[in-house]
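Engineer: Kindly return the folded structure for what I paste below:
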Amino acid sequence: MFGKTSRTLLAGALGLGLATGAQAQNDTVELGWTAWSDAEFVTKLAARIIETRMDTEVNLTQTDIAPQYQGVATGDLDAMLMSWLPATHEGYYEEIASDVANLGVLYYGAKLGWVVPDYIPEDEVSSIADLQGMADRFDGTITGIDPGAGLTQLSEEAIETYGLDDYTLQTSSGAGMTAALDRAINREEWIVVTGWSPHWKFGAYDLRYLEDPEGALGGPERVHAIARQQFHADHPEIAAFLSRMHLPINTLQDYMFQARETSYEEAVEAFIEENPEHVDYWVTGEL
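Structural biologist: Now for the predicted structure:
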């Protein structure tokens with residue numbers, strides 16, 4: 001399912017070619033994805049539909065976000081479905097914008113922020129600014145995700161903006177962040193993590209975003225699909241499918257939580273079965 005290969009690549013693979021040095025081929029579609037919950041669901045959903053409705057094999061390449069942008073720009077990848085704009089991935093996108101085709105918005109209303117469990121009293125901590133002087137309660141740590149994420153860069157800037165000199169941004173991965181959050185909640189310890197919507201954790205735990213009065217972590221974001229320049233010429237039907245693919249953010253978050261409870265493959269199959277009119281429109285363009 002979803003193609004025969006799924007490779008984890010290091011950021012150091014940049015410029016060395018993502019698919020054994022070869023350009024993406026016409027008989028398969030190469031999709032890049034990052035191990036973030038929304039990216040995994042959306043990418044595997046697209047791959048499953050392409051394979052079953054459009055009779056084209058899909059290879060999924062898992063890697064950090066920066067190599068994905070470079071891979072699409074060089075043609076080693078056909079497309080990626082996780083371009084957060086206008087702010088989060090602005091730096092990555094601006095570097096390669098002239099070398100790729102933007103296929104449009106997959107979902108609106110995406111958001112970045114710092115998140116705490118609801119049992120932390122809101123009258124003590126409601127804003128990022130309230131973290132000043134409370135480093136001991138949070139073990140001096142902001143628990144983050146992978147170092148190359150746009151959220152990580154913005155969080156480093158937020159630490160400076162709010163003068164949180166007693167805190168360290170601890171990078172790990174999306175899975176590492178949620179594991180730390182789960183441990184803390186089970187012990188009712190105080191923790192602040194970097195977060196984004198959509199994410200299954202908002203269905204699993206009682207959480208809230210901290211207010212960001214300085215706007216350090218940006219505003220509402222749109223998540224785009226981008227493809228290599230010649231992708232539309234080589235795969236016009238698949239490019240049109242990706243340009244029509246769109247999910248309401250609450251619907252996406254519901255299936256992400258379902259994936260957490262079962263598996264991404266089962267959640268993808270459930271979406272296709274429960275939303276045939278959406279899938280038909282994405283594939284055919286006919287209402």
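
Engineer: Every contact and neighbour count from this point should use C-alpha atoms.
Structural biologist: Will do.

Engineer: Can you name the element that comes right after the least confident helix or strand in the chain by mean pLDDT?
Structural biologist: Least confident helix or strand of the chain, by mean pLDDT, DSSP states H and E, is strand 6-9 with a mean of 38. Moving toward the C-terminus from strand 6-9, the next helix or strand (DSSP states H and E) is strand 28-33.

Engineer: Quick one: list the elements packing against that following strand.
Structural biologist: helix 37-53, strand 57-63, helix 65-74, strand 79-85 (3 or more C-alpha pairs under 8 Å, 6 or more residues apart in numbering; DSSP states H and E).

Engineer: out of the ones you listed, nearest to D206?
Structural biologist: With C-alpha to C-alpha, the closest approach to D206 among the helices and strands packed on strand 28-33 belongs to helix 37-53: 18.0 Å.

Engineer: could you give the mean pLDDT of the closest one?
Structural biologist: Averaged across helix 37-53, pLDDT comes to 96.

Engineer: what's the angle between it and strand 28-33?
Structural biologist: 170 degrees (axes from the mean of the first three to the mean of the last three C-alpha atoms, to 10 degrees).

Engineer: Show me how far helix 37-53 is from its chain's centre.
Structural biologist: 13 Å (C-alpha atoms, centre = their mean, to the nearest Å).

Engineer: For it, name the packing helices and strands.
Structural biologist: Looks like helix 37-53 contacts strand 28-33, strand 57-63, strand 79-85, helix 249-261, helix 264-274 (3+ C-alpha pairs under 8 Å, 6+ apart).

Engineer: Using PDB, list the CA coordinates for the first one.
Structural biologist: Same thing as strand 28-33. Output of strand 28-33 as PDB, limited to C-alpha atoms (Å, rounded to 0.1, in the frame of the first residue of the first chain):
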ATOM      1  CA  THR A  28       5.600   6.600 -10.600                       C
ATOM      2  CA  VAL A  29       4.800   9.600  -8.500                       C
ATOM      3  CA  GLU A  30       7.300  10.500  -5.800                       C
ATOM      4  CA  LEU A  31       5.700  12.300  -2.800                       C
ATOM      5  CA  GLY A  32       7.800  13.800   0.000                       C
ATOM      6  CA  TRP A  33       6.400  13.900   3.500                       C
END
